[in-house]
Structure formats: C-alpha cells, structure tokens
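**Q** can you look at this prediction? I've put the sequence above it.
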Amino acid sequence: MDLSSIANTINYKYQSSSSKIQFGGLFSGLDTSSIIDAMLSTDVEKANNLSTKYKQLDLKQKVYQELDDKLEGFMNFLSTFKLQSSLLAKSVETDSQILTVSANANAVNGTYYVKVLSAATRSSLLSGRTIGPDNINGSTTFSNLTYRYTPVNSEIKIQKSSSTYTVSINTTDTIDEIVSKLETVFGSGNVTFSEGKLKIQSNEAFAIRQTSGTFMQVFNLSDAPITQNGSTYSIQSTAHVGAISANKTLSDIASYRGLTLTDGEIKINDVSISFSSTTTLTQLISAINNSNAGVTARYDANSDKLILTSTSTGSTTISIDDNGTGLSQLLGLDVGVFNVGSSAHIQISNDGVNWTDLYSSSNNFSYDGLNITVKDVSSSVQTVSVTNDTDAIVEQVKEFVNNWNELMDYIYTRLTESAVTDKEEDEMTDEEKMQGVLKNDSFLRTIFNKMREYITKNVSGDIKYLWELGISTGSYGYENMKMGKLELDEDTLRAKIEEDPEAVWAFFGNTETNSEGLAQQIQKYLREVTKYGGQIDSIAGLNGSISREKRVLAQQLADWIERIQKKEQDLWTRFSALEQAVAKMQSIGSYLSQITASKSSS
C-alpha cells in the first residue's frame with residue numbers, strides 16, 4: 001500500500017473489513033449497527049483527525065511548491081534584468097541604407113563615421129565549358145536538337161513593319177535550311193547561326209509569334225527580347241541550341257558529348273555525394289545542396305553551366321574529386337573557373353580624421369561595442385550616432401517594480417488570508433482549499449521580511465538606495481511598506497539615467513564581491529531559498545520535513561484503520577453471539593411454555 005497517499009484515498013466515517021452483510025437485533029431487538037458505530041466513534045474520530053492533518057500538510061506542501069515557482073520566476077527575471085545589456089541599453093541612429101548598426105552596453109556614446117570600401121563575396125566554381133554539346137553546326141537537322149525540348153514541325157508568323165509573313169519549319173530541315181527560310185523574310189546575311197545561337201536582325205521593327213510546334217523553344221527564342229540599337233532591331237537565342245534540360249539523366253548528358261560515366265560519388269570539399277547514371281542533373285544539384293559540402297549548386301540555363309557557390313563568404317575553397325567517375329568532365333568542372341571570395345573592408349572613425357581599417361570574412365564587424373553589418377559598398381561616408389536608450393532602461397526598471405510587486409503581493413496575501421469556511425470541501429476549488437494554509441507561517445514570514453529589507457537596503461556605490469532612483473513606497477509609505485509594495489517616479493529615474501547610467505546599472509547589477517548590486521544580492525538570496533536542497537526543498541521537497549511527517553501520519557492512519565477494522569469485526573462477533581444466546585433462550589422459553597400449556601389442558 002502507498003502510505004504517502006493513503007489519507008487521500010480513505011473516506012471515513014469508518015471502513016469495515018467485513019465483506020459479508022451483518023444482521024443485528026433480529027432476536028434481541030437491539031440496533032446493533034448504531035451501537036457499534038457509537039463504540040467505534042472515538043477511534044474513528046482519531047483517524048479522521050489524522051486524515052485531516054495529512055490533507056492540511058499536503059496543501060501546505062503544494063503552496064510551498066507554488067511559492068518556489070514564484071520565487072524562481074522572479075530570480076530568472078533578475079538574471080536578465082541585472083545585465084548591462086538591459087540597464088545600459090544604447091540607441092543607434094543612422095540614415096544609411098548600406099549598413100545596419102547596433103550597440104551593446106560597452107559602446108561609447110558619440111558620432112561614428114564609416115567608409116564601406118568592399119563587401120564580402122563568396123568563392124565560386126563555374127563550369128569551364130557548356131554541359132551540352134557545343135559542336136552543333138549548320139548541317140545538323142532540327143529533329144536532332146533534342147537536348148532540352150522535343151523538336152516538332154512548326155509554323156511561325158513574322159510581322160515586319162506593316163507586313164506579315166508565314167514560315168514553316170520541318171523537323172527534317174537543317175539549321176542552314178532554317179536560316180535560308182528566315183532570310184526570305186529578313187534578307188540575306190541578316191539571319192546567322194554562330195556558337196550554337198540563332199540571331200535575327202532587321203532595319204525594320206519586327207515580332208515573331210509561333211502558331212504551332214516547338215521551333216521557338218528549341219532555339220531558345222521564347223524568352224529572348226527584341227532589342228534596338230540605333231535603327232537595327234535584333235533577337236538572339238538566350239542559350240546555345242545544345243543546352244540541356246536539368247531533368248535529363250547524367251547518362252543522357254554523357255551520350256550527348258560522347259563521354260563515359262560510371263556510377264559512384266563525387267567529393268566536394270571532402271564531402272561525398274553519391275550518384276548513378278540514372279540520376280538527373282536536378283537530383284544531383286539537390287543532393288549537393290542537402291549535403292554538408294558548404295556549397296550551393298545551381299544550373300544556369302542560359303549559359304548551360306553549373307555554378308557552385310560557397311555558403312559562407314570570404315576566401316573559402318571549393319575542391320572537387322570525382323574519384324575517376326568522369327562526372328567532373330561531364331559537368332565541365334575539370335576545367336572549371338574558380339573565383340575566390342574576398343573579405344569585407346571598412347574604415348571607421350570617431351572624428352572623421354583618424355581612420356581604423358577593419359576586415360571581415362563576413363559582412364559583420366565588431367568595433368568597441370558596435371555591431372556593424374554591411375549591405376553594399378559606397379563612396380559616401382556613413383554617419384552613425386550612439387546615445388543612451390533611456391526609454392528602454394526605464395521600461396526595464398518598470399518591469400522590475402511590477403514583478404517585485406506581484407511577488408510581494410502573493411507572499412503577503414498568503415501570510416494574511418483566512419481559510420474558506422463558507423463552503424464544504426467538495427465544493428471548493430484547489431485555490432480555495434489552499435487559501436489560509438500558510439497564514440502567519442513563520443518560514444514564509446521570514447522570506448517576506450527578508451525581501452522587504454531590500455527596499456531600504458544600503459548598496460555600496462554612487463547610488464546607495466532605491467529611493468534615489470525614484471523607487472520607494474510612495475505616498476502610502478506605511479501601508480506599502482507593510483505589504484512590501486513599491487512605486488516608481490519615472491521623472492526621477494530618467495534624470496538619474498541621463499546623469500550617470502553606469503551608476504544605475506552598478507546599483508542593480510554590480511557583481512564585485514564587496515559591492516554587489518541589489519538585484520545581484522536578491523538573486524543570490526533567492527537561489528539559496530529555491531535551490532535543490534535549499535530552504536524550501538528542506539521543508540516541502542520530496543525528502544523535506546513535510547513529506548517525512550506525511551509518511552508518519554500515513555502509517556499511523558493505516559494502523560488506525562487496521563485497528564478499527566479488527567475492533568469492528570470483534571464487536572460484530574460478540575453481538576452475533578449475544579443474538580444466538582437470546583435466540584436459544586427464546587427457544588427454551590417457548591418450549592417450556594408449550595409444556596405448561598399442555599399440562600394445564602389435561
């Protein structure tokens with residue numbers, strides 16, 4: 001049996017151990033059950049008193065645990081509140097669009113001047129040649145240009161000036177034949193095919209609309225703009241006609257270039273990435289980007305090249321090893337063009353005359369409490385102003401006062417509240433049951449008095465008392481002091497912050513042994529109260545005095561239950577014997593009466 005919970009699971013009047021139904025007074029006429037109840041009432045009352053005491057201890061333990069949570073919450077708040085970043089907050093102002101600046105507590109107030117000479121860039125590795133075949137010439141037929149789109153017989157409408165022309169292009173046409181067909185509209189020499197790209201030019205404005213087929217897609221003219229240079233209008237393929245689709249498999253791409261590819265892995269910055277001949281270029285790029293190789297891969301559809309870019313800025317490496325699989329050659333990385341990333345470079349000055357050079361592999365700089373992030377370069381000097389953020393500091397102190405009052409109100413209420421007496425126990429909420437449990441509790445009173453002492457605590461430093469910061473018991477001095485309540489005069493606080501913000505922080509957060517700040521002292525005290533094995537734990541913890549007393553009470557209660565059950569059984573046994581004796585006497589009396597009556601009648 002779990003002795004620690006027995007008082008919560010047993011219901012009295014009393015509990016009988018007998019499972020059989022008892023019949024009393026059948027022959028004697030006595031109210032046996034009531035008599036036994038009366039004879040057990042003293043014992044039952046003692047058991048009920050133990051149960052009540054156990055429940056009170058249980059409630060007391062819960063309230064102490066709730067108190068522990070409240071104290072820990074305030075202690076955790078103080079951990080952040082006492083920091084210089086909270087009580088020496090800085091405000092930064094700048095009109096710059098090319099950098100952002102924040103300042104920590106160590107930043108010196110004043111104006112700073114910044115020149116952004118260069119921003120950090122990333123290293124990159126670009127395919128040294130196109131991935132698709134680059135040896136396509138005019139004798140290649142339209143039907144063979146299957147690298148990105150499927151060639152289909154096409155019809156295009158060309159409007160040149162006020163005239164409209166129709167050109168039909170068949171899959172059996174060679175590129176030279178397609179050029180000739182277009183020259184019938186644009187004139188000889190105005191349509192060319194060079195380095196895999198088709199170029200059309202005219203001295204008249206023109207537009208092309210495809211009514212059927214895939215000619216415009218295959219020759220990468222769909223998204224190509226028509227540009228004007230003086231009186232000449234022109235359009236050119238955005239990519240060479242051998243540019244591949246990223247959805248093609250590596251095996252397909254290898255066949256386009258007549259290369260050999262074997263399944264395996266490629267190492268980028270010593271990170272292995274597996275692939276097979278059925279892997280598509282898109283899947284390979286995804287595998288690279290999901291790895292820890294420190295690069296981002298991208299296929300440039302216009303240049304038909306793979307671009308690997310370092311995920312971090314600065315002079316980082318991008319090393320490639322395809323382990324003899326032939327993948328580097330397939331992607332043009334064996335002759336790749338490497339561009340090393342550069343560091344960011346700024347100059348900063350406090351007077352606009354004397355400059356300090358700063359370099360960073362990222363675009364982030366730290367300088368005397370300033371955190372600077374560069375967005376772009378500029379030939380203009382950027383101006384940054386740093387001042388105390390009085391509003392932010394005031395808000396922090398207001399939060400301290402509010403949290404203090406909330407905690408002290410809780411403790412004072414628990415010390416002075418009376419128990420709920422106008423409801424039955426089963427009608428009460430858990431909060432109502434706990435009400436009054438710690439009224440005038442000596443340990444809680446000790447905590448309250450100790451906390452209240454900090455209101456008038458003399459702290460070593462330039463500021464010695466809370467009231468110097470406008471924090472006091474206010475106009476209701478005696479009443480507020482009795483309850484440990486504080487009020488804040490913001491004007492006084494602001495004046496003190498503007499006069500000496502360092503002293504304001506030191507009053508609360510100084511950690512020096514002989515001159516600890518007020519928040520530091522309070523936190524130190526609360527840690528002793530709330531820590532594992534601390535003051536509250538020694539009373540309300542699992543092995544605290546309340547738990548030990550509860551276990552003793554539970555054992556006593558179990559003993560009383562056993563005693564009552566045995567006594568009840570014994571009483572029922574005795575009364576049953578009495579009933580049997582009465583029944584026997586009644587039987588004998590009835591027999592004698594029958595004999596007497598028989599003799600009288602004879």
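**A** That came through, no problem.

**Q** any idea how far stretch 75-89 is from the chain center?
**A** 21 Å (Cα atoms, centre = their mean, to the nearest Å).

**Q** quick one: contacts of it?
**A** The contact list for stretch 75-89 (Cβ atoms under 8 Å, 6 or more residues apart in numbering) reads 104-106, 388-389, 392-393, 396-397, 399-400, 403, 501-502, 504-505, 508-509, 517, 519-520, 522-523, 526-527, 530. Yep, even glycine has a C-beta here, placed from its N, CA and C like the rest.

**Q** just the C-alpha atoms of that stretch, please, in CSV.
**A** In CSV, the C-alpha atoms belonging to stretch 75-89 read as follows (Å, rounded to 0.1, in the frame of the first residue of the first chain):
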residue,chain,number,x,y,z
MET,A,75,15.0,35.1,-9.8
ASN,A,76,15.1,34.2,-13.5
PHE,A,77,13.8,37.7,-14.4
LEU,A,78,16.7,39.2,-12.4
SER,A,79,19.2,37.2,-14.4
THR,A,80,18.4,39.2,-17.4
PHE,A,81,17.4,42.5,-15.7
LYS,A,82,20.8,43.0,-14.0
LEU,A,83,22.8,42.7,-17.2
GLN,A,84,24.5,45.7,-18.8
SER,A,85,22.6,45.0,-22.0
SER,A,86,19.4,45.7,-20.1
LEU,A,87,20.4,48.6,-17.9
LEU,A,88,22.9,50.2,-20.2
ALA,A,89,20.9,49.9,-23.4
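
**Q** pLDDT on it, on average?
**A** Mean pLDDT, stretch 75-89: 94.

**Q** the residue nearest to Ser515 when sequence neighbours are not counted and Ile268: what is the separation?
**A** In space, and not counting its chain neighbours, Ser515 is closest to Ser460: 3.7 Å by Cβ to Cβ, 6 or more residues apart in numbering. With distances taken as Cβ to Cβ, to the nearest Å, Ser460 is found 60 Å from Ile268.

**Q** and those two? Which one has more around it.
**A** A direct count of neighbours by other Cβ atoms under 10 Å for Ser460 and Ile268 places Ile268 higher, at 22 against 13.

**Q** these two touch, right, the more buried one and Asn289?
**A** No - assessed by Cβ atoms under 8 Å, Ile268 is found out of contact with Asn289, at 10.8 Å.

**Q** sorry, back to before: now do the contacts for the residue nearest to Ser515.
**A** Counting by Cβ under 8 Å, 6+ apart, Ser460 has contacts 514-516.

**Q** now, the contacts of stretch 75-89 that are in helices?
**A** Among those, the members found in helices (DSSP state H) are 392-393, 396-397, 399-400, 403, 501-502, 504-505, 508-509, 519-520, 522-523, 526-527, 530.

**Q** only whichever of these are buried, select them in ChimeraX.
**A** A single ChimeraX command selects the buried members of these (16 or more other Cβ atoms under 10 Å):
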select :392,393,396,397,400,501,504,505,508,509,519,520,522,523,526,530
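
**Q** on that earlier part again, which of the contacts of Ser460 sits closest to Lys62?
**A** Closest to Lys62 out of these is Glu516 (33.5 Å), distances taken as Cβ to Cβ.

**Q** excluding its backbone neighbours, what's nearest that closest one?
**A** Using Cβ to Cβ, 6+ apart, the closest residue to Glu516 is Asn510 (6.0 Å).

**Q** what sits against that neighbour?
**A** By Cβ under 8 Å, 6+ apart, the residues touching Asn510 are 461, 516-517, 520.

**Q** which of the residues you listed count as buried?
**A** Buried among the contacts of Asn510 by 16+ other Cβ under 10 Å: 461, 516-517, 520.

**Q** got those as a markdown table, with pLDDT columns?
**A** A markdown table is the format used below for the buried ones among the contacts of Asn510 (pLDDT from 0 to 100):
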| residue | pLDDT |
| --- | --- |
| Gly461 | 92 |
| Glu516 | 94 |
| Gly517 | 95 |
| Gln520 | 95 |
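
**Q** which ones among those residues are found in strands?
**A** Using DSSP state E, no member of the buried ones among the contacts of Asn510 falls within strands.

**Q** relative to Gln382, which of the residues you listed is nearest.
**A** Nearest member of those to Gln382, counting by Cβ to Cβ, is Gly517, at 36.7 Å.

**Q** what's the mean pLDDT across stretch 412-427?
**A** Averaging pLDDT residue by residue across stretch 412-427 gives 88.

**Q** which of the residues in that stretch are classified as buried?
**A** Under the neighbour-count criterion of 16+ other Cβ under 10 Å, stretch 412-427 has 412, 414-415, 420 buried.

**Q** can you tell me the distance between the two ends of that stretch?
**A** This stretch, stretch 412-427, spans 26 Å end to end (Cα to Cα, to the nearest Å).

**Q** go on, stretch 340-358?
**A** Terminal-residue distance, stretch 340-358 (Cα to Cα): 20 Å.

**Q** before we move on, back to that, just name the closest of the contacts of Asn510 to Met451, please.
**A** Met451 lies nearest to Gln520 out of those, by Cβ to Cβ, at 14.8 Å.

**Q** which regions of this structure lie under the pLDDT threshold?
**A** Within the chain, the stretches with pLDDT under 70 are 1-33, 35-37, 39-45, 47-51, 560, 567-568, 570-572, 574-584, 586-594, 596-602.

**Q** domain parsing of it, as residue ranges.
**A** Taking automatic domain parsing as the reference, the chain has its domains at 66-86+390-530, 90-120+343-388, 124-128+245-339, 142-236.

**Q** JSON lines for those domains, including distance to Ile136?
**A** Formatted as JSON lines, the domains of the chain follow (distance: least, Cβ to Cβ, whole Å):
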{"stretch": "domain 66-86+390-530", "distance to Ile136": "64"}
{"stretch": "domain 90-120+343-388", "distance to Ile136": "40"}
{"stretch": "domain 124-128+245-339", "distance to Ile136": "10"}
{"stretch": "domain 142-236", "distance to Ile136": "5"}
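
**Q** and of these, who's closest to Ile536?
**A** For the domains of the chain, proximity to Ile536 was assessed by Cβ to Cβ; domain 66-86+390-530 is nearest, at 4.8 Å.

**Q** from Gln159, how far off is Asn388?
**A** Counting by Cβ to Cβ, the gap from Asn388 to Gln159 is 69 Å.

**Q** okay, those two: which has more neighbours?
**A** Shown here are Asn388 and Gln159; by other Cβ under 10 Å, Asn388 has more neighbours (19 against 14).

**Q** please tell me how far the closest residue to that one other than its chain neighbours sits from Val101.
**A** Distance criterion Cβ to Cβ, 6+ apart; nearest residue to Asn388, sequence neighbours excluded, is Pro501 at 5.2 Å. Distance check for Pro501 against Val101: by Cβ to Cβ, it reads 19 Å.

**Q** the closest residue to Thr141 other than its chain neighbours - how many residues pack around it?
**A** Nearest residue to Thr141, sequence neighbours excluded (Cβ to Cβ, 6+ apart): Thr174, at 5.3 Å. The tally of other residues near Thr174 (other Cβ under 10 Å) stands at 16.

**Q** quick one, phi psi at Thr174?
**A** Dihedral pair for Thr174: phi -80, psi 170, per degrees, to the nearest 10.

**Q** got a list of what it touches?
**A** Counted by Cβ under 8 Å, 6+ apart, Thr174 has contacts 138-142.

**Q** now render the contacts of Asn510 as TSV, adding distance to Ile348.
**A** Below are these laid out as TSV (distance: Cβ to Cβ, whole Å):
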residue	distance to Ile348
Gly461	33
Glu516	36
Gly517	33
Gln520	34
